[in-house]
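Participant: for reference, the sequence and a predicted model appear below.
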Amino acid sequence: MSQPEPKKVLIVGGVAGGASVAARARRLSEDSEIIMFERDRFISFANCGLPYHIGGEITERSKLLVQTPESMGARFNLDVRIETEVIAINLQSKTITARELSTGNEYSESYDELVLSPGATPFIPPIPGVDNPRVFTLRNIPDMDKIIQTIHVEAPRSAVVVGGGFIGIEMAEALIHKGIETTLIELSNQVMAPLDPEMATPLHQEMRRNGIRLKLNQSVTAIETQDEGLLLQLDNGKTIETDMVIMAIGVRPEISLLEGTGIELGQRGGILVDSHMRTSVPNIWAVGDAIEVKDFVTENKVLIPLAGPANRQGRIVAENIFGRNTEYKNTQGTAICKIFGLAAASTGQNEKGLKRAGIHYEKIFVHAMDHAGYYPGATQVSLKLLFDPDTGKILGAQSIGEKGVDKRIDVLALAIRSGLTVFDLEESELCYAPPYGSAKDVINQAGFVASNVVRGDMALCQAERVHACSPNMQIVDVRNPEEIGELGSIEGSINIPVNQLRTRLDELPRDKNIVVYCAVGLRGYVAYRMLVQHGFNVKNLTGGYKTYLMVERIGR
């Protein structure tokens with residue numbers, strides 16, 4: 001392949017997306033001039049690791065620095081200009097204006113190609129008192145340093161985290177690890193919005209079990225200074241006294257540089273780009289948290305601030321700048337979060353998103369062991385699968401468990417990316433040895449259940465509709481009596497263990513519709529197939545009593 005024509009490439013922003021552009025551009029063109037501007041002192045740092053350094057899991061601060069300006073500049077022959085802010089873009093002259101923050105000196109720099117990777121800024125609600133020095137955000141290393149210094153110097157006894165997204169959850173855990181009494185306030189009825197509400201209920205339990213005071217369906221309306229701390233006013237009229245506050249409500253695209261340029265923005269406030277990452281202005285590209293992308297499942301424009309997509313976008317921009325026709329193929333939003341002893345992960349769309357997009361879907365739940373149950377240490381993985389009930393196409397998945405969650409969601413992320421169906425999950429050949437998996441993996445089991453639905457071999461009753469699946473209904477619990485005594489049962493159900501069902505069919509009313517359930521759905525399916533073939537009109541509660549309890553605990 002012939003060498004591309006050298007170009008002068010300016011990159012605004014030196015973290016995930018910008019650093020990826022710079023590194024890939026140099027690998028493609030040794031002779032090009034590449035200048036990267038970063039208003040902070042740090043480039044290419046692991047911002048996802050910041051809470052873990054605060055909490056002490058990552059002990060060395062230097063581990064967060066993937067590259068320093070000096071090391072990256074030397075390795076890739078880059079002109080890295082830190083503590084330098086790009087303050088204007090002149091489209092007519094194809095120049096930018098930069099300001100050195102230490103001196104205030106301003107100067108112009110011309111470009112052949114300009115790449116925007118300005119990232120996003122924390123959203124700070126306009127509430128009274130939010131500008132208090134004891135109110136923090138966490139977006140970069142200086143933010144992290146301020147929080148750590150406050151913990152070490154002022155020794156706060158209590159903290160409030162506002163927002164239950166990834167950063168909020170991780171910060172709450174970090175503060176607990178530092179021995180600080182921690183409250184997390186979330187406006188919604190759940191933490192971790194990519195999950196559907198019932199899948200978040202085990203996370204609420206885990207957080208409370210580890211000492212977090214979780215307050216759902218609440219918000220902060222004002223922050224007042226007291227002699228020895230802060231007083232938070234809540235929307236329900238109550239107050240909380242605390243020593244420090246972490247605002248983790250979310251982020252917004254940093255687009256202040258674009259004012260007056262004519263570069264188009266989308267309805268969600270992000271920079272509009274095409275599939276090659278071009279903006280609406282020739283020779284200007286954009287990547288990362290500041291851009292709007294297409295959702296892989298719905299194809300709607302969305303903001304998804306994740307490091308993985310930003311790195312891929314940066315690589316794609318560099319390839320297109322130097323003559324390669326490379327397209328970005330949308331964002332799935334695959335993500336995972338650690339919550340003390342649990343992991344929670346998702347990929348593709350959730351129910352909320354599918355409903356907004358008007359996409360027809362069905363859902364099933366599977367609760368199975370992460371590896372062979374007879375091998376020591378097996379733990380349960382809960383998996384929710386969303387799919388097209390007509391074609392079986394996979395639309396989304398969510399999973400929670402102590403171990404093996406990442407493995408299952410990674411498999412399903414690739415399945416969605418590849419356009420696979422639930423029938424392909426049945427046939428998936430995955431690793432099996434007792435310490436690592438089962439002969440019928442969680443993925444296979446989800447495929448079996450969903451395929452039964454698509455083929456018409458099983459009719460479902462969903463947990464939120466268990467009392468409304470039919471106006472003329474009998475609920476049948478096919479678990480063993482000792483399970484009921486320990487865990488409880490659904491109101492109005494009668495108990496006939498599945499192993500006794502064939503001999504006790506006369507106890508079931510033939511003039512009513514039957515809903516069967518067990519602990520997690522498997523015995524319910526056995527009972528379903530048995531009763532269908534004996535002439536009963538039956539539905540099986542997907543995910544069994546465990547899913548029912550998850551739904552019942554929504555918002556708690």
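Facilitator: Right, received. Where do you want to start?
Participant: show me the helices in the protein, by range?
Facilitator: Assigned helices in the chain, in chain order: 16-28, 50-55, 69-76, 141-154, 166-177, 197-209, 307-321, 351-357, 405-417, 422-427, 442-455, 481-487, 522-533, 544-552 (criterion: DSSP state H).
Participant: okay, those helices in CSV with mean pLDDT and mean neighbour count next?
Facilitator: Using the backbone N, CA and C atoms, a C-beta is placed for each residue, glycine as well. As requested, these are arranged in CSV below (pLDDT from 0 to 100; neighbours: other CB atoms under 10 Å):
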stretch, mean pLDDT, mean neighbour count
helix 16-28, 94, 25
helix 50-55, 94, 22
helix 69-76, 87, 16
helix 141-154, 94, 15
helix 166-177, 97, 24
helix 197-209, 97, 21
helix 307-321, 96, 23
helix 351-357, 96, 16
helix 405-417, 98, 20
helix 422-427, 97, 19
helix 442-455, 98, 23
helix 481-487, 92, 11
helix 522-533, 97, 20
helix 544-552, 96, 22
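Participant: now those in TSV, with distance to residue 44?
Facilitator: Shown next, in TSV, are these (distance: least, CB to CB, whole Å):
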stretch	distance to residue 44
helix 16-28	4
helix 50-55	14
helix 69-76	6
helix 141-154	11
helix 166-177	19
helix 197-209	31
helix 307-321	10
helix 351-357	32
helix 405-417	24
helix 422-427	37
helix 442-455	35
helix 481-487	50
helix 522-533	48
helix 544-552	40
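Participant: among these, which comes closest to residue 256?
Facilitator: Closest to residue 256 of these is helix 16-28 (CB to CB; 16.6 Å).
Participant: tell me what the most centrally placed residue in the chain is bridged to.
Facilitator: Of all residues in the chain, the one closest to the mean position by CA atoms, centre = their mean is residue 335, 4.0 Å from it. Taking DSSP bridges as the rule, residue 335 bridges to residue 346.
Participant: wait, what's in contact with residue 265?
Facilitator: If you count contacts by CB atoms under 8 Å, 6 or more residues apart in numbering, residue 265 has them with 255, 258, 271, 272.
Participant: likewise residue 271?
Facilitator: Contacts of residue 271 by CB under 8 Å, 6+ apart are 116, 253, 255, 258, 263, 264, 265, 279, 286, 290, 291, 292.
Participant: repeat the analysis, applying 6 Å as the threshold.
Facilitator: Applying CB atoms under 6 Å, 6 or more residues apart in numbering to residue 271 gives the contacts 286, 290, 291.
Participant: my read is that the first one contacts residue 270, right?
Facilitator: No. Taking contacts as CB atoms under 6 Å, residue 286 lies outside contact range of residue 270: 8.7 Å.
Participant: among these two, which residue is more densely surrounded?
Facilitator: Taking neighbours as other CB atoms under 10 Å, residue 286 and residue 270 compare with residue 286 leading, 30 against 24.
Participant: tell me the contacts of that one?
Facilitator: 116, 271, 273, 279.
Participant: so which of the residues you listed wins on neighbours?
Facilitator: residue 116 (32 neighbours).
Participant: what's across from that one in the sheet?
Facilitator: residue 12, residue 286.
Participant: among the contacts of residue 265, the buried ones, what's the ChimeraX command?
Facilitator: In ChimeraX syntax, the buried subset of the contacts of residue 265 is picked out as below (16 or more other CB atoms under 10 Å):
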select :255,258,271,272
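Participant: could you dump the contacts of residue 265 to TSV with pLDDT?
Facilitator: Formatted as TSV, these follow (pLDDT from 0 to 100):
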residue	pLDDT
255	94
258	94
271	97
272	97
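Participant: how about the contacts of residue 265 in JSON lines, adding distance to residue 218?
Facilitator: Below are the contacts of residue 265 laid out as JSON lines (distance: CB to CB, whole Å):
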{"residue": "255", "distance to residue 218": "31"}
{"residue": "258", "distance to residue 218": "35"}
{"residue": "271", "distance to residue 218": "34"}
{"residue": "272", "distance to residue 218": "36"}
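Participant: mind checking which of the contacts of residue 265 are in strands?
Facilitator: Among those, the subset assigned to strands under DSSP state E is empty.
Participant: and the contacts of residue 265, which is closest to residue 297?
Facilitator: residue 272 (20.1 Å).
Participant: show the backbone phi and psi for that closest one.
Facilitator: Main-chain torsions, residue 272, degrees, to the nearest 10: phi -80, psi 130.
Participant: what residues are up against it?
Facilitator: By CB under 6 Å, 6+ apart, the neighbours of residue 272 are 264, 266, 292.
Participant: kindly format the C-alpha coordinates of stretch 125-134 as CSV.
Facilitator: This file holds the C-alpha atoms of stretch 125-134, laid out as CSV (Å, rounded to 0.1, in the frame of the first residue of the first chain):
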residue,chain,number,x,y,z
PRO,A,125,-28.1,20.9,38.9
PRO,A,126,-28.9,24.6,39.5
ILE,A,127,-29.8,24.2,43.1
PRO,A,128,-28.9,26.7,45.9
GLY,A,129,-25.5,26.0,47.5
VAL,A,130,-24.2,23.6,44.9
ASP,A,131,-21.1,25.7,44.4
ASN,A,132,-19.9,24.9,48.0
PRO,A,133,-16.2,23.8,48.2
ARG,A,134,-17.4,20.6,50.0
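Participant: quick one: average pLDDT of that stretch?
Facilitator: Averaging pLDDT along stretch 125-134 yields 94.
Participant: count the residues that sit near the nearest residue to residue 22 once chain neighbours are set aside.
Facilitator: Leaving aside its sequence neighbours, residue 22 sits nearest to residue 36 (CB to CB, 6 or more residues apart in numbering; 5.1 Å). Residue 36: 30 surrounding residues under other CB under 10 Å.
Participant: tell me the contacts of residue 36?
Facilitator: 11, 14, 22, 78, 80.
Participant: now those as CSV including distance to residue 444?
Facilitator: Listed next are the contacts of residue 36 as CSV, based on distance: CB to CB, whole Å:
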residue, distance to residue 444
11, 45
14, 44
22, 43
78, 48
80, 49
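Participant: just the buried members of those?
Facilitator: 11, 14, 22, 78, 80.
Participant: do I have it right that the first one meets residue 20?
Facilitator: No. The pair residue 11 and residue 20 does not pass the contact test of CB under 6 Å, sitting 9.7 Å apart.
Participant: still on that earlier bit, looking at the contacts of residue 36, which gets the smallest pLDDT?
Facilitator: For those, the least confident entry is residue 14, with 89.
Participant: now do stretch 353-370: distance to the chain's middle.
Facilitator: Its chain's average C-alpha position is 16 Å from that of stretch 353-370, according to CA atoms, centre = their mean, to the nearest Å.
Participant: residue 464 - how many residues pack around it?
Facilitator: Around residue 464 there are 14 residues (other CB under 10 Å).
Participant: what's the closest non-adjacent residue to it?
Facilitator: Nearest to residue 464 is residue 551, by CB to CB, 6+ apart, at 5.1 Å.
Participant: how close does the one you found sit to residue 395?
Facilitator: 20 Å (CB to CB, to the nearest Å).
Participant: same question, residue 93
Facilitator: For residue 93 relative to residue 395 (CB to CB), the value is 48 Å.
Participant: of these two, who's got more company?
Facilitator: Per other CB under 10 Å, whichever of residue 93 and residue 395 has more neighbours is residue 395, with 24 against 10.
Participant: and that one, what pLDDT?
Facilitator: Residue 395 carries a pLDDT value of 98.
Participant: how about the one 3 residues further on?
Facilitator: As predicted, residue 398 sits at a pLDDT of 98.
Participant: list the buried ones in stretch 123-141?
Facilitator: Neighbour counts over stretch 123-141 (16+ other CB under 10 Å) mark 127, 129, 134, 135, 136, 137, 138, 139, 140, 141 as buried.
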